[in-house]
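> everything below, folded, please.
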Amino acid sequence: MTKYYRITYNHKGIYNELKNNVNLDTWNSILSSDKIKWLPKPPSYAENNKSFFTEKGYKKFIENVLPLIEKYLNNDNITISSYSKVDNIIYEDEYQVIISEKKVLK
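All right, here's what the predicted structure looks like:
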C-alpha cells in the first residue's frame, strides 16, 4: 500500500515556513546544501497546492533535511501526518506528489 507524508510547521508547509523564518542569505545557503538539493522542484507550485513525500522522499527528508531544519525551527511545532491516499495529483516524482487543492483523504 502506498503511503504519503505531509510535514508541516504550525499547520503550514515546512519548506515555506522555513523560508519565512530565515533571512535570504540563510535560505539560499540551505537551498544550495547537498542535504536538500536531492528534491526536484516542480515546474510550478500555486498557493493552493500541497506537497506530500513518498516513502522514499520521507526517508531522505528525515535523514538529511530534518536535522538541518531543526537548527532554525522549533521541533515542537513540526507535525508529520501520513496518508494512504491523496487526490488531484498534478505533479509527481519518486520523492513527492503535489496536489491541486486542499482536500486530502486519509
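
> from here on, just use CA atoms for contacts and neighbour counts.
Noted.

> so what pLDDT did Ile36 get?
We have a pLDDT of 93 for Ile36.

> that one and Pro67: what is the separation?
11 Å (C-alpha to C-alpha, to the nearest Å).

> the more surrounded of these two?
A side-by-side neighbour count of Ile36 and Pro67, using other C-alpha atoms under 10 Å, places Ile36 first with 16 against 13.

> who touches that one in this structure?
Ile30, Asn64, Val65 (C-alpha atoms under 8 Å, 6 or more residues apart in numbering).

> now the first one, what's its secondary structure?
Per DSSP: H, G, I helix; E, B strand; the rest coil, the secondary structure class of Ile30 is helix.

> now it, nearest residue through space, not along the chain?
Nearest residue to Ile30 in three dimensions, chain neighbours excluded: Ile36, at 7.2 Å (C-alpha to C-alpha, 6 or more residues apart in numbering).

> what ranges do the helices span in the chain?
Assigned by DSSP state H, the chain shows helices spanning 14-21, 24-31, 55-60, 66-69.

> can you redo these as CSV with mean pLDDT?
As requested, those are exported to CSV (pLDDT from 0 to 100):
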stretch, mean pLDDT
helix 14-21, 95
helix 24-31, 94
helix 55-60, 98
helix 66-69, 95
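
> make JSON lines from those helices and add distance to Pro40 to it.
Formatted as JSON lines, the helices of the chain follow (distance: least, C-alpha to C-alpha, whole Å):
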{"stretch": "helix 14-21", "distance to Pro40": "13"}
{"stretch": "helix 24-31", "distance to Pro40": "11"}
{"stretch": "helix 55-60", "distance to Pro40": "10"}
{"stretch": "helix 66-69", "distance to Pro40": "17"}
